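>>> next input, structure requested:
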Amino acid sequence: MARTASRTEGLLSIADISRHFSLPESTTRYYCKRFAAFIPSVGEGRRRRYRPETLEVIAAILEQMQTSRTAAAVENTLLARFPRNALAVPEPEPCPVRQVENLVAELLPTAALQLLERQTQALESIAQLMHAVIERLPQTGAAASETARENQQLRSDVENLRVLLHASEKTQQADLDQLRAWMTRVIQRRDKTAPAD
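Take a look at the predicted model:
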């Protein structure tokens with residue numbers, strides 16, 4: 001059913017071209033890939049179809065292969081007889097370095113976001129303790145003993161804040177060290193997979 005649709009639209013499949021010239025499909029596929037610059041086509045991959053002018057190009061390829069038997073000679077003949085098809089130039093393969101950069105671009109924001117979330121949680125804890133300290137500040141006119149007791153409590157709270165701040169700094173440093181180590185591994189992998197110039 002698909003073959004009928006292709007023919008009514010004027011486009012040919014590899015099978016159609018093979019039947020026309022009584023060639024194996026593998027040979028037709030090779031010619032279509034090897035001399036793609038001269039063969040007008042539409043679509044990509046398995047959906048690729050060829051315009052009727054392809055039959056003339058394949059006929060010229062077959063004729064030249066019988067006389068010269070080299071792809072370079074066939075290409076020279078095709079250059080003289082047919083225009084190059086600009087759309088047939090294959091897209092370059094993605095570079096492994098770009099793939100690593102894309103991976104870093106995807107993963108780095110996640111790692112940084114996790115680090116920021118940890119820092120935010122630590123700062124929120126510190127802010128809650130500071131709020132508690134502010135609530136305990138002595139009111140004007142309070143007794144000296146009450147003030148002394150509250151001062152002692154404030155000193156204790158400040159010391160707790162110092163401990164929490166120190167722990168938060170250690171956690172932040174550990175997170176930064178982990179992120180630095182991860183980035184070093186990514187860069188080393190990228191350097192190993194980068195093609196030699």
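
>>> so for the helix or strand containing Thr184, mean pLDDT?
Using DSSP states H and E, Thr184 falls within helix 144-193. Taken as a whole, helix 144-193 has an average pLDDT of 85.

>>> quick one: that helix to chain centroid distance?
34 Å (Cα atoms, centre = their mean, to the nearest Å).

>>> who are the packing partners of it?
Helix 144-193 sits against helix 96-135, with contacts defined as 3 or more Cβ pairs under 8 Å, 6 or more residues apart in numbering; DSSP states H and E. (Each C-beta comes from the backbone N, C-alpha and C, glycine too.)

>>> report the mean per-residue pLDDT for the helix it packs on.
Helix 96-135 comes out at a mean pLDDT of 75.

>>> for Leu55, see how far away Gly13 is.
That one is not Gly; residue 13 is Ser. 13 Å (Cβ to Cβ, to the nearest Å).

>>> more neighbours, these two?
Taking other Cβ atoms under 10 Å, Ser13 and Leu55 do not tie; Ser13 has more neighbours (19 against 15).

>>> tell me the domain ranges of the chain?
Domain ranges of the chain: 2-88, 96-193, per automatic domain parsing.

>>> of the ones you listed, flag the one that's most buried.
Across these, averaging neighbours per residue (mean count of other Cβ atoms under 10 Å) puts domain 2-88 on top, at a mean of 15.

>>> how far off centre is that domain?
34 Å.

>>> that one - what's its average pLDDT?
82.

>>> surely Phe69 forms part of a helix?
If you look again at residue 69, you'll see it is Arg, not Phe. No: looking at Arg69 with DSSP: H, G, I helix; E, B strand; the rest coil, it is coil, so not inside a helix.

>>> any idea how far Leu55 is from it?
Taken as Cβ to Cβ, the span from Arg69 to Leu55 is 22 Å.

>>> could you do Ala132 as well?
87 Å.

>>> with Ala15 instead?
14 Å.

>>> and for Glu146?
Distance from Glu146 to Leu55, by Cβ to Cβ: 104 Å.

>>> what do you get for Thr171?
Thr171 is 71 Å from Leu55, by Cβ to Cβ.

>>> what do you get for Leu116?
Using Cβ to Cβ, Leu116 is found at 63 Å from Leu55.

>>> and the closest residue to Ala167 other than its chain neighbours, what does it touch?
Residue nearest to Ala167 in three dimensions, not counting chain neighbours: Ala122, with 7.9 Å by Cβ to Cβ, 6 or more residues apart in numbering. Applying Cβ atoms under 8 Å, 6 or more residues apart in numbering, one finds that Ala122 lies in contact with Leu164, Ala167, Ser168, Thr171, Gln172.
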